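Novice: this one's sequence-less:
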C-alpha cells in the first residue's frame, strides 16, 4: 500500500518564533496518522533543527529540507549538503520545485544529480514536476511532465525509484487561488503513473506516491485526495495556518 502524504512547504516564510508557534499549534490540534500516512514539514534551513526537536518521537511525522546541493562538501558557499542534513536527522528533501526551476535555472539533469546524491545517502526526494499555464493551454502538459520525469528519474533502478515521492504541481495553480479540478488532477496523475508503468511495470508504479501541489486547501483536500492516483498534497499557503493544515492531514484517505 503506497503512502498517503500531507507535505507542508513553508517556502521563505515565517520567523523562527512564528515557525515554533505554528508547529506547536499543529501538534496541539486533534489529528491522527495511520500506518500508511505521513505528515511532512519542509521548513526553511535555519529552522530544521528546531523543527526536528518539535516532532521528535512523533510517529509518521518528518521534517524536510527545501533543497540540497549535488556535492557532499567543498567550496560551495551558501549551499547545504546531504551530510549536513543527515547530521541533524533530516530524511526528506523537496527537489525541483517550480520556483527553483524558474528563479535558479535548475535543469532536469541538475535535478537528476540531486536525486542521486539523496538516494545514495538514504534521503527521500520529493521530486516536483509540472507545467506553466501556456503549456496547459496548448494541451502540452503530458509531454512536458513526461520529459521532466524521464530526464531526472528514468536512470534509476526499480529499487531506487520506489524511494522517490513525486509531486505534480501545475505552476498556474500555485499561489493563484486557481486549482485544477479533481478530475484534472486525477487525469495528469494517472498519466504520470502510466509513464512509470511503461518504464518500471505496474507493480512498481503502483507503489509510488504522487502528490498534488497546486493551491490545496482544507476545503478541497478531501475531494482531491479521493482520486485514485492522488496520494496527498504538497501544500504551500494553507500549510502556514495550523487549522487548515490539520484539516488537510485529516483529509488523507
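Specialist: Now that the structure is in, tell me what you want to look at. Every value quoted in this text rests on a predicted model; they were computed, and no experiment measured them.

Novice: pretty sure residue 242 contacts residue 31?
Specialist: No. Between residue 242 and residue 31 there is no contact under Cβ atoms under 8 Å: 10.2 Å. In short, each C-beta sits where N, CA and C put it, glycine included.

Novice: Against residue 134, how distant is the nearest residue to residue 13 once chain neighbours are set aside?
Specialist: Once flanking residues are discounted, residue 13 sits nearest to residue 240: 6.0 Å by Cβ to Cβ, 6 or more residues apart in numbering. Per Cβ to Cβ, to the nearest Å, residue 240 is found 29 Å from residue 134.

Novice: Those two: which is more packed in?
Specialist: Neighbour count, other Cβ atoms under 10 Å: between residue 240 and residue 134, residue 240 has more, with 18 against 10.

Novice: OK, contacts around that one?
Specialist: 10, 13, 14, 22 (Cβ atoms under 8 Å, 6 or more residues apart in numbering).

Novice: chain center to stretch 143-152: distance?
Specialist: Offset of stretch 143-152 from its chain centre (Cα atoms, centre = their mean, to the nearest Å): 17 Å.

Novice: er, stretch 63-70 actually
Specialist: Counting by Cα atoms, centre = their mean, stretch 63-70 comes out at 11 Å from the chain centroid.

Novice: and what of stretch 190-207?
Specialist: Centre to centre, stretch against its chain (Cα atoms, centre = their mean), the figure for stretch 190-207 is 18 Å.

Novice: quick one: buried residues of that stretch?
Specialist: Judged by neighbour count using 16 or more other Cβ atoms under 10 Å, the buried positions of stretch 190-207 are 191, 192, 193, 195, 196, 200, 205.

Novice: So which of these sit within helices?
Specialist: Counted as lying in helices by DSSP state H, out of the buried residues of stretch 190-207, are 191, 192, 193, 195, 196, 200, 205.

Novice: that older thread, distance of the residue nearest to residue 13 from residue 44?
Specialist: For residue 240, the distance to residue 44 - Cβ to Cβ - is 12 Å.

Novice: overlap in contacts of these two?
Specialist: Contact with both residue 240 and residue 44 is made by residues 10, 13, 14, according to Cβ under 8 Å, 6+ apart.

Novice: Enumerate every residue touching the residue lying farthest from the centre of the chain.
Specialist: Among residues of the chain, the one most distant from the C-alpha centroid is residue 75; the distance is 28.3 Å, by Cα atoms, centre = their mean. Residue 75 makes no contacts at all, as judged by Cβ under 8 Å, 6+ apart.

Novice: If anything else comes up later, I'll come back, but that's it for now.
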